[in-house]
Every structure is written in C-alpha cells, then in structure tokens.
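J.: What shape does this take:
(one chain, ligands or ions: 2)
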Amino acid sequence: MHFFGESAIVLMINIDNIWNLAKSKLSITMPSVGAFDVWIQSLEPVCITDGKLVLAAPTKMAKDLINRNYKEIIDQAVSETQLTIRGTVIVLESEIESYVSNSEVILDDQPVVKMPKEDAPIFTSKYTFENFVVGDSNRFAVAAAHAVAENPGKKNPLFLWGGVGLGKTHLMHAIGNYIRTYSPNLRIQYVTTAEFTNELVDSIQKSKNNRDVNGAFREKYYNCDVLMIDDVQFLANRSGTQEAVFNLFNSLYINGKQIILSSDRHPKEIETLTERLESRFLSGITADIREPNIETRIAILRSKCQEENYNVEDEVLHYIASLCSSNVRELEGLLSKVALYADLMGIRIVDMELASEALGDYTYKDKEIIDIDRIIDTTCEYFKISRKDIEGPKRNREFAYPRMICVYIINNLLSIPLKVIGEALGGRDYTTIIHSRDKISQLMQKNESIKKSVNDIKNILLGK
Ligand code: ADP
Ligand code: MG
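T.: Ligands and ions are numbered 1, 2, ... in the order given. This next block holds a predicted model:
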C-alpha cells in the first residue's frame with residue numbers, strides 16, 4: 001500500500017494497532033471461534049474516514065454477512081480501543097480508493113491506542129452468571145463462583161477445573177463482571193498464564209538487577225484485591241513462573257485477597273507443578289466442571305438462541321445437542337453454523353432439513369436412531385460381554401464398569417428419566433443409577449481409560 005505516502009505510514013501503524021487490539025477483544029466476544037477465524041480474520045484495516053475505521057472484506061458475501069451479523073460487536077470492540085474512533089465501515093476492496101482519499105491521519109504523538117487501565121481488565125459483558133446455564137455438571141462450580149463474587153477474600157483460593165470449552169473462562173468473567181458491579185472499588189486482575197509468563201519475563205528484563213520483578217509488575221499484581229489466573233495448566237514445566245506465582249499467591253493470601261485459578265485438569269495432574277504450589281491451589285475450594293448432560297446442552301442451546309435471536313426448531317436443538325457432548329464451544333459453533341446458513345439462504349426458521357444440510361458433514365438421515373437398546377448393545381459389544389451380564393446382578397469389575405458406563409452414556413445422550421434407565425438395566429433402583437452416573441462422571445476427569453471407553457462408545461453410536 002505504498003501509494004498512501006509518508007504520513008500514511010503513521011496512519012497504517014496506528015490502524016494496525018487499533019485493529020489488533022480490537023481483534024483481541026473480538027476473539028473473546030465473537031459467538032464462536034469459527035466465526036472469528038472465518039469472518040474477523042478476513043478483514044483488513046484500510047484507513048480512518050469520518051471517525052470510522054474502514055475495514056476491507058474479501059468478497060461481497062463476506063461483507064454482507066459481516067454487516068448483518070457482526071457489525072455491532074465489531075463496532076463496539078473498535079470503539080473501545082480509541083477514544084476518537086466511533087465504529088467501522090465494512091467495504092469491498094474495489095471501494096477502498098474513495099475512502100482512502102478522504103482518510104484522516106492520526107498524528108504520531110497522539111495517544112494511539114487507549115490501553116485498558118492497569119487495574120481495569122476487560123471482562124466481556126457476554127459472560128455473566130445470568131446467561132450461564134446451570135446443570136448437574138457445573139452446579140457446585142457455579143455456587144462456589146457466586147459465593148466468591150459476593151464475598152471476595154473469604155473463600156480462598158477458588159480453583160476451577162474441567163475440560164476445554166466447559167465454561168471456566170465464562171465463570172471467571174462472570175465473577176469479574178459481578179465484582180465490577182457490586183464492589184466497584186476492588187482492584188481486579190485477570191490474566192492468562194501465558195500472558196502472566198510474558199509479563200514476568202518482560203518485567204525481570206526491565207528490573208534493575210535483572211533478577212526480580214520490577215515496580216510496575218509489583219504494583220499491578222501485588223496490589224490487587226482479586227487476582228484471576230486462567231489456564232494454570234500452562235505452569236507445567238515453567239519453574240520460574242511457578243516460583244513467581246507462589247510468591248504472589250502467598251502475599252495476596254496473607255493479606256486476605258481473593259485468588260481465583262482455572263485449569264483444564266486437577267492440580268495433581270499438572271506435570272512438574274511443585275508440591276508447595278499444588279497444596280496452595282488445593283487449600284481453598286476446588287470445584288470441577290464436567291461434561292453437561294443432554295438436558296443441560298439443550299438448555300444452553302436454547303439460551304443461546306434467545307440471546308442471538310435465532311429461530312431454531314426444538315428438534316434441531318436436540319439434534320445438535322446429540323452431536324457434541326464434551327465441549328460447549330463446539331456446540332455453540334454448530335448452532336452458529338446452522339443459523340448462519342439459514343441467514344444466507346434467507347430462511348427464518350431452522351428446521352431439521354436445513355440443519356442437516358448446513359452441517360453436511362454430519363448426515364443425520366443415514367443414521368440409525370439412538371435409543372436405550374442400541375446403547376446397551378453397543379456397550380456390550382465394546383466390552384465383549386453379553387446383555388445378560390450387563391443386566392444381571394453380578395458385581396465383578398468386568399461387568400460393573402461397563403454397566404456404569406452404559407448408564408452414563410444413556411444419561412448423556414438421551415433425555416429419559418433415571419428410573420427408566422434403571423428399569424432397562426435389569427430393574428436397578430434410582431439411587432444406583434445416580435451413583436453410577438456420578439461415579440463415571442467423576443472418573444472421566446482423571447481416568448484416561450474410562451474416558452476413552454466412554455468416548456469410543458459414543459463415537460460408535462454417533463457414527464463419527
Ligand atoms: P473454558 O474456559 O472452560 O475452555 P469457556 O468459558 O471459554 O470454556 O466456554 C466456552 C463457550 O461455552 C463460551 O462461549 C461459554 O459462554 C459457553 N458455555 C460453557 N458452559 C456454558 C453454560 N453452562 N451456559 C452457557 N454457556 C456456556
Ligand atoms: Mg478458558
């Protein structure tokens with residue numbers, strides 16, 4: 001873009017900064033990672049005209065679709081980065097010229113990007129307690145998060161753990177938003193472990209003796225009332241960062257400050273985590289988030305439809321919920337895909353036909369219906385045991401585990417009362433069924449072979 005001339009170079013640097021910062025916000029606020037990758041990443045910042053950031057879209061379809069679906073959140077993200085910018089204009093590459101000729105130059109010495117205040121991390125307004133759907137899989141975690149948000153510093157630390165895409169970051173932001181609203185004077189820091197590590201390295205390099213952290217780092221982290229560190233599994237094999245977290249943890253803890261941590265695994269499973277740090281992490285409330293069952297998944301999809309104004313038939317929600325059980329982000333991705341497709345086709349209500357077309361890779365028509373019988377048969381086949389064994393009274397390990405796994409899968413895939421599951425499995429009572437379900441749900445978190453069996457059987461059933 002050499003034809004912009006000298007002053008435009010300044011402009012280009014600025015708009016790149018602005019757009020990159022906006023993108024980092026959008027990576028959180030966009031409804032799905034897929035939509036972010038496909039649509040946001042396709043946009044190129046061009047210039048600033050009439051106080052608006054001009055962004056070029058690669059095709060007319062992309063331009064229209066982005067304008068229709070994401071314009072508002074892009075505008076918001078961009079406006080938050082720079083005081084003088086109010087929104088965006090999405091244009092085609094062929095339209096760029098006319099915008100460039102009217103573009104405004106931002107002077108070099110003007111504050112280019114309004115960085116968030118050190119103690120004002122951005123919590124996405126999209127992630128609140130109100131829109132977090134509660135089910136058996138996350139009830140305790142939500143209650144713990146709520147208690148901490150209401151009374152920071154009293155239950156310390158809060159350690160949230162569970163698989164990818166199950167809502168840990170959502171809950172942390174919900175706590176952040178809550179504290180911002182009800183205890184606005186508290187200083188909150190939210191940081192991912194990767195960012196924390198980078199800041200730490202940077203801070204040590206800038207310090208006088210090249211050994212300790214510098215003043216800015218201390219001010220930011222040692223002086224906060226609430227510290228959230230996301231994804232601490234990335235402390236694995238990072239002894240320097242572990243040491244820094246340990247010191248910081250102790251200092252905040254002694255001063256009654258709230259510490260909130262998240263991880264995709266239990267502290268005991270984080271490789272090379274020092275014992276002293278592990279015991280600190282486990283010294284407060286440890287709450288796990290498990291895979292949501294089908295009811296919860298449908299409820300999440302419903303809530304999402306309401307938020308986004310999607311008009312999707314119930315049958316489709318059941319169908320989508322049955323396709324994906326272990327990652328809510330993926331579940332949301334499937335829903336957005338279907339909704340986007342409907343939008344492109346100009347169809348208002350999403351029915352099964354449209355949904356299966358949109359999700360072409362999952363061909364629902366060819367699939368056998370999944371019912372209790374098929375789940376029992378598939379489980380038996382997988383473990384090479386007979387139906388009599390799984391339904392019968394024998395309690396040896398080789399039958400008890402397949403039986404419990406079978407209960408878990410039925411509960412996870414089908415929306416039927418536990419009592420009926422008990423009846424189908426040799427007339428077992430309700431409490432045995434609850435016990436089996438919870439036991440496997442717990443084991444799934446730490447026992448790789450159980451997890452593999454469950455996923456294998458589910459994949460067979462789902463034809464994946
Ligand atoms: P994690 O940090 O555990 O990997 P996220 O918090 O990023 O997961 O959640 C992934 C996506 O799923 C987010 O868009 C989040 O809003 C959504 N999500 C997860 N669980 C729920 C829930 N129970 N109710 C509503 N949305 C949820
Ligand atoms: Mg996360």
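J.: By proximity to ligand 2, which residue of the stretch 1-150 of the chain wins?
T.: Across the stretch 1-150 of the chain, the shortest distance to ligand 2 (C-beta to the ion) belongs to residue 28, at 9.7 Å. All C-beta spots, glycine's among them, are computed from the backbone N, C-alpha and C.
J.: Would you agree that residue is in contact with residue 124?
T.: Yes - if you go by C-beta atoms under 8 Å, residue 28 and residue 124 touch, sitting 4.9 Å apart.
J.: Mind checking which of those two has more residues around it?
T.: A direct count of neighbours by other C-beta atoms under 10 Å for residue 28 and residue 124 places residue 124 higher, at 19 against 15.
J.: give the contact list for that one.
T.: Each residue near residue 124 by C-beta atoms under 8 Å, 6 or more residues apart in numbering is listed here: 25, 28-29, 173.
J.: so what's whichever residue of the stretch 1-150 of the chain sits closest to ligand 1 up against?
T.: Residue nearest to ligand 1 within the stretch 1-150 of the chain: residue 133 (3.6 Å; C-beta to the nearest ligand atom). By C-beta under 8 Å, 6+ apart, the contact set of residue 133 is 292, 296, 299-300, 303.
J.: Quick one: buried ones out of those?
T.: Those of the contacts of residue 133 that meet the buried threshold are 292, 296, 299-300, by 16 or more other C-beta atoms under 10 Å.
J.: Quick one: residues contacting residue 414.
T.: 294, 370-372, 375.
J.: That one and residue 445: what is the separation?
T.: 22 Å (C-beta to C-beta, to the nearest Å).
J.: for the residue of the stretch 1-150 of the chain closest to ligand 2, helix, strand, or coil?
T.: helix (DSSP: H, G, I helix; E, B strand; the rest coil).
J.: With residue 190 as the reference, measure out to it.
T.: 11 Å.
J.: again, but for residue 420
T.: 44 Å.
J.: can you check residue 170 too?
T.: For residue 170, the distance to residue 190 equals 12 Å [C-beta to C-beta].
J.: Look up how far residue 353 lies from the closest residue to residue 352 other than its chain neighbours.
T.: Among residues not flanking residue 352 along the chain, residue 315 sits closest, at 5.5 Å (C-beta to C-beta, 6 or more residues apart in numbering). The gap separating residue 315 from residue 353 is 10 Å, by C-beta to C-beta.
J.: out of the contacts of residue 124, who has the most neighbours?
T.: residue 173 (24 neighbours).
J.: Check the burial of the closest residue to that residue other than its chain neighbours by counting its neighbours.
T.: Distances taken as C-beta to C-beta, 6+ apart put residue 127 closest to residue 173, at 3.5 Å, once the chain neighbours are dropped. Residue 127 is flanked by 21 other residues according to other C-beta under 10 Å.
J.: Work out for me the element residue 127 sits within.
T.: Using DSSP states H and E, residue 127 sits in no helix or strand.
J.: Show me which pair in the contacts of residue 133 is furthest apart.
T.: Farthest pair in the contacts of residue 133 (C-beta to C-beta) is 292 and 303. Separation: 12.1 Å.
J.: Chain neighbours aside, what residue packs nearest to residue 194?
T.: residue 234 (5.8 Å).
J.: filter the buried ones among the contacts of residue 133 down to the ones close to ligand 1.
T.: Contacts with ligand 1 within the buried ones among the contacts of residue 133, counted by C-beta under 6 Å from any ligand atom: residue 300.
J.: In helices, which of the buried ones among the contacts of residue 133 fall?
T.: 296, 299-300 (DSSP state H).
J.: From those, pick the one nearest ligand 2.
T.: Within these, the smallest distance to ligand 2 is 15.9 Å, found for residue 300 (C-beta to the ion).
J.: Leaving out chain neighbours, which residue sits closest to that closest one?
T.: residue 133 (4.6 Å).
J.: Let me know the secondary structure of the one you found.
T.: The three-state label given to residue 133 by three-state DSSP is coil.
J.: Could you tell me the model confidence score at residue 262?
T.: Per-residue confidence at residue 262 stands at 98 (pLDDT).
J.: Please confirm that it is located within a strand.
T.: Yes - under three-state DSSP, residue 262 sits within a strand.
J.: Tell me if I'm right that it and residue 235 touch.
T.: No - at 11.8 Å, residue 262 does not count as touching residue 235 under the criterion of C-beta under 8 Å.
J.: Wasn't residue 46 part of a strand?
T.: Yes - applying three-state DSSP, one finds residue 46 inside a strand.
J.: Is whichever residue of the chain sits closest to ligand 2 in a helix, a strand, or coil?
T.: The nearest approach of the chain to ligand 2 comes at residue 169, 3.2 Å away (C-beta to the ion). At residue 169 the chain is in helix, as set by three-state DSSP.
J.: tell me the secondary structure for the residue lying closest to residue 453 once chain neighbours are set aside?
T.: Excluding the flanking residues, the one nearest residue 453 by C-beta to C-beta, 6+ apart is residue 405, at 5.9 Å. With three-state DSSP as the basis, the three-state label of residue 405 is helix.
J.: Against ligand 1, how distant is residue 405?
T.: Separation of residue 405 from ligand 1 (C-beta to the nearest ligand atom, to the nearest Å): 24 Å.
J.: What is the neighbour count of that residue?
T.: For residue 405, using other C-beta under 10 Å, the count is 24.
J.: What strand or helix carries the residue positioned nearest the centre of the chain?
T.: For the chain, the residue nearest the mean C-alpha position is residue 165 (4.5 Å; C-alpha atoms, centre = their mean). Per DSSP H and E, residue 165 falls between elements, in no helix or strand.
J.: Test my guess that it contacts residue 333.
T.: No - using C-beta under 8 Å, residue 165 is not in contact with residue 333; the gap is 9.4 Å.
J.: any common contacting residues for those two?
T.: With C-beta under 8 Å, 6+ apart, residue 165 and residue 333 have no common neighbours.
J.: returning to what we had before: with distance to residue 144 and pLDDT added, can I get the contacts of residue 124 in a markdown table?
T.: A markdown table is the format used below for those (distance: C-beta to C-beta, whole Å; pLDDT from 0 to 100):
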| residue | distance to residue 144 | pLDDT |
| --- | --- | --- |
| 25 | 28 | 77 |
| 28 | 23 | 76 |
| 29 | 25 | 80 |
| 173 | 15 | 97 |
